[in-house]
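Undergrad: test case, fold it:
(chains A, B, C and D)
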4 protein chains.
Amino acid sequence: MIVVMRPEATKKEIEHVANVVKEMGLKPHVITGTDLSVVAVIGDDRKKDKGALEQAPGVDRVVPILAPYKMAARESKKERTTVKLGAGCVFGGKQVPVIAGPCSVENEKQIIDAAKKVKAAGAHALRGGAFKPRTSPYAFQGLGEEGLKLLAKARAETGLTVVTEVLTPSDVELVAEYADCLQIGTRNSQNYKLLEAAGKSGKAVLYKRGMSMTIDEFLQGSEYVLSQGNPNLILCERGIRTFEDHTRNTLSLSAIPELHYRSHLPVVIDPSQGTGHARLVPDMCRAAVAAGADGLIIEVHPDPEHAMTDGAQSITPETLKELIASLKRIAHAVDREV
Amino acid sequence: MIVVMRPEATKKEIEHVANVVKEMGLKPHVITGTDLSVVAVIGDDRKKDKGALEQAPGVDRVVPILAPYKMAARESKKERTTVKLGAGCVFGGKQVPVIAGPCSVENEKQIIDAAKKVKAAGAHALRGGAFKPRTSPYAFQGLGEEGLKLLAKARAETGLTVVTEVLTPSDVELVAEYADCLQIGTRNSQNYKLLEAAGKSGKAVLYKRGMSMTIDEFLQGSEYVLSQGNPNLILCERGIRTFEDHTRNTLSLSAIPELHYRSHLPVVIDPSQGTGHARLVPDMCRAAVAAGADGLIIEVHPDPEHAMTDGAQSITPETLKELIASLKRIAHAVDREV
Amino acid sequence: MIVVMRPEATKKEIEHVANVVKEMGLKPHVITGTDLSVVAVIGDDRKKDKGALEQAPGVDRVVPILAPYKMAARESKKERTTVKLGAGCVFGGKQVPVIAGPCSVENEKQIIDAAKKVKAAGAHALRGGAFKPRTSPYAFQGLGEEGLKLLAKARAETGLTVVTEVLTPSDVELVAEYADCLQIGTRNSQNYKLLEAAGKSGKAVLYKRGMSMTIDEFLQGSEYVLSQGNPNLILCERGIRTFEDHTRNTLSLSAIPELHYRSHLPVVIDPSQGTGHARLVPDMCRAAVAAGADGLIIEVHPDPEHAMTDGAQSITPETLKELIASLKRIAHAVDREV
Amino acid sequence: MIVVMRPEATKKEIEHVANVVKEMGLKPHVITGTDLSVVAVIGDDRKKDKGALEQAPGVDRVVPILAPYKMAARESKKERTTVKLGAGCVFGGKQVPVIAGPCSVENEKQIIDAAKKVKAAGAHALRGGAFKPRTSPYAFQGLGEEGLKLLAKARAETGLTVVTEVLTPSDVELVAEYADCLQIGTRNSQNYKLLEAAGKSGKAVLYKRGMSMTIDEFLQGSEYVLSQGNPNLILCERGIRTFEDHTRNTLSLSAIPELHYRSHLPVVIDPSQGTGHARLVPDMCRAAVAAGADGLIIEVHPDPEHAMTDGAQSITPETLKELIASLKRIAHAVDREV
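TA: Numbering: from 1, shown residues only, chains lettered A, B, ... in the order given. Predicted coordinates:
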């Protein structure tokens, strides 16, 4: 960190800061500039409350320098991480797998139908929510364990691996029993007890960025999973909250190259949550693949007009089929494969 | 809701929408305008997936009309809700109680010292974290149950009621044993399993707004507590995430009159989280009281420069004392009492 | 518009609203719902101050229904608009032209060198600022008319058409004399006097979205140009301001399909301003073309490390060359041409 | 500035950065940390393109240290700036003047009536727009010079000083002839040619923060006025653009103490634009005064329901009267005067 002193800070105030730094077990280095002085701090200050120094007299502000994460950082691991959900579904390599399926598991007919159709359209994994975090307590909350069983049945019938959300630590074991990959949703992106539990499970984790999470906070959240000894982590950008009101969220595709620059983890894009409108999903899928995404997760419903949840943003299996055809061409153009 | 049709929508498309509305058990009402038509939907559509209609041919968008919450709405309850934490500490009435204390319980000496000093300065309740949700897994995570015991001890010595955070449903019972009020933090603002568990406990709940939660989502989150039969709910605005970088968050004080307009629940302000800098806290406390806040929650540390967490935004007990003196004058000016 | 009444609104209050609507020369239509009533307003209310009705007793809020723009709307014009800057540089058709060049014209050698190199790399038009809107009054403000002359010289030597920014109405004539296309920058996106002057000039206009402009406001701003009888308007998404701090702005690529859905105007993407980091530019260019962009505007500097402005986000001519090769493949995959 | 090197940066790369810094006429200072090295740059780098260094091999990012403004900075001027619009209307001292009046001058009767009523209610200056920057070209654009004449007439009749907006440099002289204070609106907050022209006029300037301007950018914009030798500058916070949709903007009251900390300029609050709803205005006025605001600018209309512009956010003269009574009490509580 760099402690920036006020222009009018006294020599004594600068010395005091240097002393507090020493007390922290770190090494201060005072630099006297033309307008003001700064105290550069040498050593690993990741565990310190850097802000506290702001309260020392004469201090203007404290600027962090070290990345606040370690295991997720590119420096910590030379080769890119790959996460394999099953044969033919690997994230982080040449392949760009497509996870597709309905927002919620509604009933047996719907999920089996959806699974068969997304499989036929070319998808590599099945998504579907059994436990749904709903903004309103009066909305459909998912089928729970019954939904998990139906997902397992859909897997048995199609061979697709299954990705589904878990909402609370005490459900991790149950969900892990049925699913191939645990999804941590945006609303739980800073539910650290859940991240830890998912980390401990050893299962692959699809971790969605919080809707107002910075890149640094996203990678710090990742450390909660990685530090439990679980390397099977997939990051997912799903749109951030901004002033834009024509879309449900603002899908930030520059997160793909930026996360690749900062980290070794694979990056999946969710254009359904990211836009909130089915009409915008295909173009955003194409953009994601062109920008280097390591996978896509897309809401697909056999009958979006009658979907119980997220109907507005679900595309049909027919649209998915056409979409995957164009994604194959784009992937080829950037030396990847869908 | 209002279904807005595209200008070029056909009569058949409009009829189709009307039929889907009927299938939902609601009543459609078509209005033909000069530029386009809309289908107004009559009936309680709160449990429906309104978005799905966006997928019907000829539809441009769906505009919700009904507030998505019920029990939190002003209409549902004529008189304002009051929440009593103890004698002399009531939120929602004439009094504007001050909850003060350190970010974290660090050790016995620190919390007892802090409690005595905030009491002497005029505070009405003690805050202090035993379970801390930290952005980094490597940062201090709180003392856990040991911290709860120290808080109880501080209460015994000072008579201050205790507000402390709970992070996960399985800890609710434990925390409720020691605390007078359960805090749900901003990172868990959409952890619905936790909100439900806190609702079931029957304890008073201080519910912090998520950093990117709209007012509607905040009141919907409240329904998760209220619908468990627990009316002892205090809302807390603690700053929202914006592009502003001179403050940790942007404290939105207009949330006070807006929440009072929409809801019957008391509204507390957290200027410490809301600004991130101790130097901004006193003015924001004064502003909050002048704007009609029903309470304040302020980080106060006997030695902010050496605080283990949130040092930058903690004021000293001496500052608190002066601050409360000025708050009393402002409260008097708006016919309230601190 | 729809006037939403409070649940407790009286019959008299609803009648009063209906009367005010009639006074406005519009037709009210009262709909009585189960929870509340709304007054739907029939007729073109675009010129009315809709908000004023919010002040009528019993009104909760006013929801606009009609798009606030007309000439920019897709309904007003069946075929997509094409804007031709010169032979081989048409926006809005099958081609996806690339505008490339330095942020600022620094001197003759630099701009001629840049022009030749971007031409050789495959660009279709030259960008370069002669008048620069700088956040700081102490920063380099551009060469002014001298810069315009150098741009004209670069055009003469390379055949590239020239796009350059104009900052104030009184400069429009001067800039139009030298340039093929007037750029209105993000800081002037709501400088309506400038938009009008550019509209009157009849020259092609590249209109950048304001950094906190909604899609509706962007299209409303477009009306200031179009309503002067100038149809040669190109929209440009260049990133919006959000909480994300790893990028200078957040490039919102979903604006491409959304603007295409709402309007007939061509949409160009500026990934340099949109990200602020040269390392992110190529992937965002690829994403933009895959998402259906009608053009790109890219900052390219022969020696970014010594650029006078925007060095961090300028790519080299060598990078541009490789980039255009991959853009050609992606364009082909989506049935376009670079 | 501090140049942060990548952890894997080589010695040669660090030396290269040091050399580029020297070429800039500045002094590099290399600090070798445990995880990475930084190059601290000594000297006034305000006029340099700091970003360019990001392109040097091995560089991760560049962190600015010096405030990017000089004349607006607290360091440059010990005492606080006061701006006097007339006898009994001074900003920046003990008084907290209230500027009140309609959004637009609509006709003689309306503005004279409004002026008399706000005067009677206790206001110190009159606001009213003659040139209106409207999001839509079809909306009422103001009466122009005729409006200025009516404002002058209202001043003659009431003795109130007049604040009114100017939209473009060529109008500055005209507006300055009639007005006591030129308002630069939020849409023109980065219209630097206009800021310069206003600076040159020597008239008092009320400068509104752009809706997505950071504090640093706001103070940099101020330099455009100050550097023309015009010290009569009043800053105005009027709400920033965020995801919040219950208010037109998010009024950031922490900007008051932060601007006072960083600058010597007076700070006025606009709660009308800041909230967009008349019902929220009084509480935000009270909050602003309690937080240390140096003035208020409030939209007041004799008949808001029929206002031509901004009806939703205009309070009545009767509300203003009651409001000012409570503001006097709050001002007294914080040792100020309304």
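Undergrad: A:E157: what's it in contact with?
TA: Residues near A:E157 by Cβ atoms under 8 Å, 6 or more residues apart in numbering or on different chains: A:I112, A:A115, A:K116. For the C-beta atoms, the positions are set from N, CA and C on the backbone; glycine is no exception.
Undergrad: now whichever residue of the stretch 1-150 of chain A sits closest to chain C: phi and psi?
TA: Nearest residue of the stretch 1-150 of chain A to chain C: A:A67, at 11.1 Å (Cβ to the nearest Cβ). Main-chain dihedrals, A:A67, degrees, to the nearest 10: phi -60, psi 140.
Undergrad: would you agree it is in contact with A:R262?
TA: Yes. Using Cβ atoms under 8 Å, A:A67 is in contact with A:R262, at 7.2 Å.
Undergrad: closest to A:N191 out of the contacts of A:E157?
TA: Closest approach between the contacts of A:E157 and A:N191, by Cβ to Cβ: A:A115, at 28.6 Å.
Undergrad: doesn't A:L126 make contact with that closest one?
TA: Yes. The criterion here is Cβ under 8 Å, and A:A115 meets it with A:L126 at 5.2 Å.
Undergrad: any shared contact partners between those two?
TA: Residues touching both A:A115 and A:L126 by Cβ under 8 Å, 6+ apart: A:G101, A:A154, A:R155, A:T158, A:L160.
Undergrad: what separation do you get for the second one and chain D?
TA: It stands for A:A154. Separation of A:A154 from chain D (Cβ to the nearest Cβ, to the nearest Å): 36 Å.
Undergrad: now do the contacts for the closest residue to that residue other than its chain neighbours.
TA: Once flanking residues are discounted, A:A154 sits nearest to A:A115: 3.8 Å by Cβ to Cβ, 6 or more residues apart in numbering or on different chains. Taking Cβ under 8 Å, 6+ apart, we find A:A115 in contact with A:G101, A:L126, A:A154, A:R155, A:E157, A:T158, A:L160.
Undergrad: what about the shared contacts of A:A115 and A:L126, which one has the most neighbours?
TA: Taking other Cβ atoms under 10 Å in any protein chain shown as the neighbour criterion, A:G101 ranks highest of the shared contacts of A:A115 and A:L126 with 30 neighbours.
Undergrad: tell me the bridge partners for that residue.
TA: Judged by DSSP bridges, the bridge partners of A:G101 are A:E299.
Undergrad: what sits up against whatever helix or strand A:C285 lives in?
TA: Per DSSP states H and E, A:C285 falls inside helix A:281-290. The set of residues external to helix A:281-290 that reach it, using Cβ under 8 Å, 6+ apart, is A:96, A:251, A:253, A:256, A:269, A:271-272, A:274-275, A:296, A:298-299, A:313, A:315, A:319, A:322-323, A:326-327, A:330-331, A:333-334, A:336, A:338, C:253-254, C:256-257, C:283, C:286-292, C:330, C:334.
Undergrad: and the strands in the stretch 101-250 of chain A?
TA: Ranges of strands in the stretch 101-250 of chain A, per DSSP state E, counting those that start in this stretch, are A:125-127, A:161-165, A:181-184, A:204-208, A:233-237.
Undergrad: near chain C, which residues of the stretch 101-250 of chain A are found?
TA: Residues of the stretch 101-250 of chain A lying close to chain C by Cβ under 8 Å from any Cβ of the partner chain are A:S212, A:T214, A:I215, A:D216, A:I240, A:T242, A:F243, A:E244, A:D245, A:H246, A:T247, A:T250.
Undergrad: next, format those residues as TSV and append neighbour count and pLDDT.
TA: What follows is these, written out as TSV (neighbours: other Cβ atoms under 10 Å in any protein chain shown; pLDDT from 0 to 100):
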residue	neighbour count	pLDDT
A:S212	25	97
A:T214	18	97
A:I215	24	97
A:D216	17	96
A:I240	26	98
A:T242	27	97
A:F243	23	97
A:E244	23	95
A:D245	11	92
A:H246	20	93
A:T247	22	96
A:T250	25	98
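Undergrad: in the residues you listed, find the pair that's most separated.
TA: Maximum pairwise distance among these (Cβ to Cβ): 28.2 Å, between A:D216 and A:H246.
Undergrad: return the distance of the nearest residue to A:P169 once chain neighbours are set aside relative to B:P137.
TA: Nearest non-adjacent residue to A:P169, counting by Cβ to Cβ, 6+ apart: A:A197, 3.9 Å away. Per Cβ to Cβ, to the nearest Å, A:A197 is found 13 Å from B:P137.
Undergrad: which of the strands of the stretch 101-250 of chain A sits closest to B:M5?
TA: The nearest among the strands of the stretch 101-250 of chain A, by Cβ to Cβ, is strand A:125-127 at 31.4 Å.
Undergrad: which strands and helices lie in contact with the closest one?
TA: Judged by 3 or more Cβ pairs under 8 Å, 6 or more residues apart in numbering or on different chains; DSSP states H and E, the packing partners of strand A:125-127 are strand A:98-101, helix A:108-121, helix A:145-158, strand A:161-165, strand A:295-299.
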